[in-house]
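Undergrad: Compute the structure for the input listed below.
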Amino acid sequence: MAAALIVPAQAAFANYEDQTRLSAYVQARAADSLGASALAAQSYHAALARSPGNAVVAERALRQAIAAGDRSLALKAAVTLQTAGAVPIDGQLLLLTEAVNARDWTLADRYLSVLERDEVFSFLVPVMRAWVAVGSGKGDPQAALQQGASDPLSASYVAQHRPLILLATGQEREGLIGLRSRIEAQDVRAQRLLIAAASHLVQQGRRDEALAMLGDVDRPLVAAARTAIEKRKKVPGTIESPAEGVAEFFLRLAIDLRQQDVRQLALTFARLSTFLDPGHAEGWLVASELLASEDMPADAIAALDNIRPGDPARELVSDFRIRLLALSGDRDTALRQAIAATKAKDAGMTDWIRLGDIYGELERHRDAADAYARAIEMPPDEAAGRPLWSLWLLRGGALEQAGAWDEAKAALVKAYELAPGEPLVLNYLGYLQLERRENLEEAEQLIREASRLQPDSAQITDSLGWAHYLRGDVATAIELLERAVEGEPADPAINEHLGDAYYSAGRRFEARYAWTAALLTAEEQDATRIRAKIESGLTPEHASP
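TA: The predicted structure follows:
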């Protein structure tokens, strides 16, 4: 790998005799490619210090620094590129961010004029120009927004920020009415708008109005804000200054880009949002989620460290941190923290669910089942976001994996009683009985109802096909299992089921083809059974579960 990095680096350093400069750059690139962001940032700092004015080093440093949240390195690199006349779009956005932070509205307007000429990112200008107008006190912010109202890319962002800017400019009545209209229109950021409006009202001592604004919205961040108001605590989250407004804009862009799987650019906007409003928890949460999705759990955990202890979102942060620790491989620490959370005075349903999940990852299934049982005993917690039937389903699944089928079935029946129209419950309870070859008629009825409710599910179609196979209707089974394979061609269980059905119908060549497909993605415990069938054919001891 090092040799591949040296080739482009040699050209960049052709005029430098001191090879330590090349070494710092190569080390930075290597660390960057391995995801060692702290070492990469340190090495890029050294490379830029030893090679001031080098645009090649600066451009690499800029991208890595923004992704890593190293604001000083990012700014140093952006200024270097600006001097060289080669600032990429992320550098331009960073310089604009710095101008807003410094309240240098003249400079901010200058950067906006440059951004306005960009073919891709010019749609950002109306909202940002409006917030700059709020800060400078010059021009009409609403007129600036109006310039983007007819642009399809700008329009939704303009609609969201219009009431926020009304609030920021002292037009409270109009602003609150506008926010309510966005919420009623199910704006994708309605949760954030609710919290911003509530925070504004709390700052004025109008807590009852703030609670009425939040209503009974069942979302974790709104629930956390509601709890904070009820406990007469501060509710951060106002969007009334230009820095807060632009930070919210960038955060919305990050979320939208994440949903479109443009994660690197999404992370850039999330980081810029935290540069502008470091006290806003959601910016750090989104950055952390994006870092985790890039397989950088250590960086994701470090991002969460920036959220203040008293923030209403702290419970969500604690939950995510523990799950990240498990994801990073530090399951012992994750388990210790999860256990400690359940022992806290204010421990609730979320804490016990998390502990059950971690026990499950550790394959301590009986302990997981016990933790889910404790969660079931807890008062309902809207922040947990889990209906009661789902906890019984989790407990049943854990008990089944622990080998306690009678207890597992009782738990699953309870889930069914609470949610008789939930396809996941119907299919799971039915299929586990198929595996044990018991109550086949009842199991098929459960699965048939699941299929009626969710006909496009390959897993449910597979279960229904397998039910027909076990009850002797091989022709119907093959028809259903072939349809399931079309939906999930790489699923090993579905392919194995189809192979068994083909073999029973005398279609031996097709059976081995299906089993071979199953073998490609099967786990080792299943692969042994599948290999035996490929070699010797279907026998009772090698039948699919």
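Undergrad: I'd like to check which residues are in contact with Tyr469.
TA: Tyr469 makes contact with 477, 481, 497, 500-501, 504, according to CB atoms under 8 Å, 6 or more residues apart in numbering. Any C-beta I mention is one placed from the backbone N, CA and C, and that applies to glycine too.
Undergrad: Buried ones among the residues you listed?
TA: Buried members of the contacts of Tyr469, scored by 16 or more other CB atoms under 10 Å, are 477, 481, 497, 500-501, 504.
Undergrad: Sort out which of those residues are in strands and list them.
TA: Using DSSP state E to define strands, no part of the buried ones among the contacts of Tyr469 is located there.
Undergrad: okay if I get those as CSV plus distance to His200 and pLDDT?
TA: Below are the buried ones among the contacts of Tyr469 laid out as CSV (distance: CB to CB, whole Å; pLDDT from 0 to 100):
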residue, distance to His200, pLDDT
Ala477, 61, 97
Leu481, 58, 97
His497, 57, 98
Asp500, 63, 97
Ala501, 63, 97
Ser504, 68, 96
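Undergrad: quick one: which of the residues you listed is nearest to Trp405?
TA: Relative to Trp405, the closest of those is His497; by CB to CB it sits at 21.2 Å.
Undergrad: correct me, but the closest one touches His468?
TA: No: in this structure, His497 is not within contact of His468 by CB atoms under 8 Å, at 10.6 Å.
Undergrad: which secondary structure element contains the residue positioned nearest the centre of the chain?
TA: Nearest to the geometric centre of the chain sits Glu289, at 4.9 Å (CA atoms, centre = their mean). Assignment of secondary structure by DSSP states H and E places Glu289 within helix 281-293.
Undergrad: report the angle between the axes of the helix or strand that that helix is followed by and helix 281-293?
TA: Next in sequence after helix 281-293, counting helices and strands by DSSP H and E, comes helix 297-304. Angle, helix 297-304 to helix 281-293, by axes from the mean of the first three to the mean of the last three CA atoms, to 10 degrees: 180 degrees.
Undergrad: How is the protein divided into domains?
TA: Residue ranges for the domains of the chain, per automatic domain parsing: 1-87, 242-304, 438-545.
Undergrad: The buried ones among the contacts of Tyr469 into CSV, with extra columns for distance to Leu75?
TA: Output for the buried ones among the contacts of Tyr469, formatted as CSV (distance: CB to CB, whole Å):
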residue, distance to Leu75
Ala477, 64
Leu481, 59
His497, 58
Asp500, 63
Ala501, 64
Ser504, 69
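Undergrad: Quick check: of those residues, which lies closest to Gly178?
TA: Looking across the buried ones among the contacts of Tyr469 and measuring by CB to CB, the closest to Gly178 is Leu481, at 54.2 Å.
Undergrad: for the stretch 1-150 of the chain, what spans make up the helices?
TA: Applying DSSP state H, counting those that start in this stretch to the stretch 1-150 of the chain gives helices spanning 2-12, 19-33, 37-50, 55-68, 71-83, 89-101, 105-115, 125-136, 141-146.
Undergrad: what's the least confident stretch among those?
TA: The stretch with the lowest mean pLDDT among those is helix 2-12, at a mean of 43.
Undergrad: what residue ranges in the stretch 351-500 of the chain are flagged as low confidence?
TA: In the predicted model of the stretch 351-500 of the chain, residues 381-385 satisfy pLDDT under 70.
Undergrad: just to revisit the earlier point, what about the helix holding Glu289, average pLDDT?
TA: pLDDT averaged over helix 281-293 gives 90.
Undergrad: Okay, buried residues for it please.
TA: Here helix 281-293 shows 281-292 as buried, counting by 16+ other CB under 10 Å.
Undergrad: Just name the closest of the buried ones among the contacts of Tyr469 to Ser150, please.
TA: Leu481 (52.6 Å).
Undergrad: Send me the helix holding Glu289 as PDB with only the CA atoms.
TA: Extracted C-alpha coordinates of helix 281-293, given in PDB (Å, rounded to 0.1, in the frame of the first residue of the first chain):
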ATOM      1  CA  ALA A 281     -27.000  17.400  20.600                       C
ATOM      2  CA  GLU A 282     -28.600  16.200  17.400                       C
ATOM      3  CA  GLY A 283     -25.700  17.500  15.300                       C
ATOM      4  CA  TRP A 284     -23.300  15.200  17.200                       C
ATOM      5  CA  LEU A 285     -25.700  12.300  17.100                       C
ATOM      6  CA  VAL A 286     -26.100  12.500  13.300                       C
ATOM      7  CA  ALA A 287     -22.300  12.800  12.900                       C
ATOM      8  CA  SER A 288     -21.800   9.800  15.200                       C
ATOM      9  CA  GLU A 289     -24.300   7.700  13.300                       C
ATOM     10  CA  LEU A 290     -22.600   8.600  10.000                       C
ATOM     11  CA  LEU A 291     -19.200   7.700  11.400                       C
ATOM     12  CA  ALA A 292     -20.600   4.400  12.700                       C
ATOM     13  CA  SER A 293     -22.000   3.700   9.300                       C
END
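Undergrad: All the helices of the stretch 151-300 of the chain, in order from the start?
TA: Using DSSP H, counting those that start in this stretch, helices in the stretch 151-300 of the chain cover 152-168, 172-184, 190-203, 207-214, 220-230, 242-259, 263-276, 281-293, 297-304.
Undergrad: The third one: which residues count as buried?
TA: Going back to what we said before, that points to helix 190-203. Within helix 190-203, the residues that count as buried by 16+ other CB under 10 Å are 190-202.
Undergrad: What of the second one?
TA: Within helix 172-184, the residues that qualify as buried by neighbour count (16+ other CB under 10 Å) are 175-176, 178-180, 182-183.
Undergrad: is it possible to export those residues to JSON lines including pLDDT and distance to Leu166?
TA: Formatted as JSON lines, the buried residues of helix 172-184 follow (pLDDT from 0 to 100; distance: CB to CB, whole Å):
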{"residue": "Gly175", "pLDDT": "81", "distance to Leu166": "4"}
{"residue": "Leu176", "pLDDT": "83", "distance to Leu166": "9"}
{"residue": "Gly178", "pLDDT": "82", "distance to Leu166": "6"}
{"residue": "Leu179", "pLDDT": "77", "distance to Leu166": "9"}
{"residue": "Arg180", "pLDDT": "77", "distance to Leu166": "12"}
{"residue": "Arg182", "pLDDT": "74", "distance to Leu166": "12"}
{"residue": "Ile183", "pLDDT": "70", "distance to Leu166": "15"}
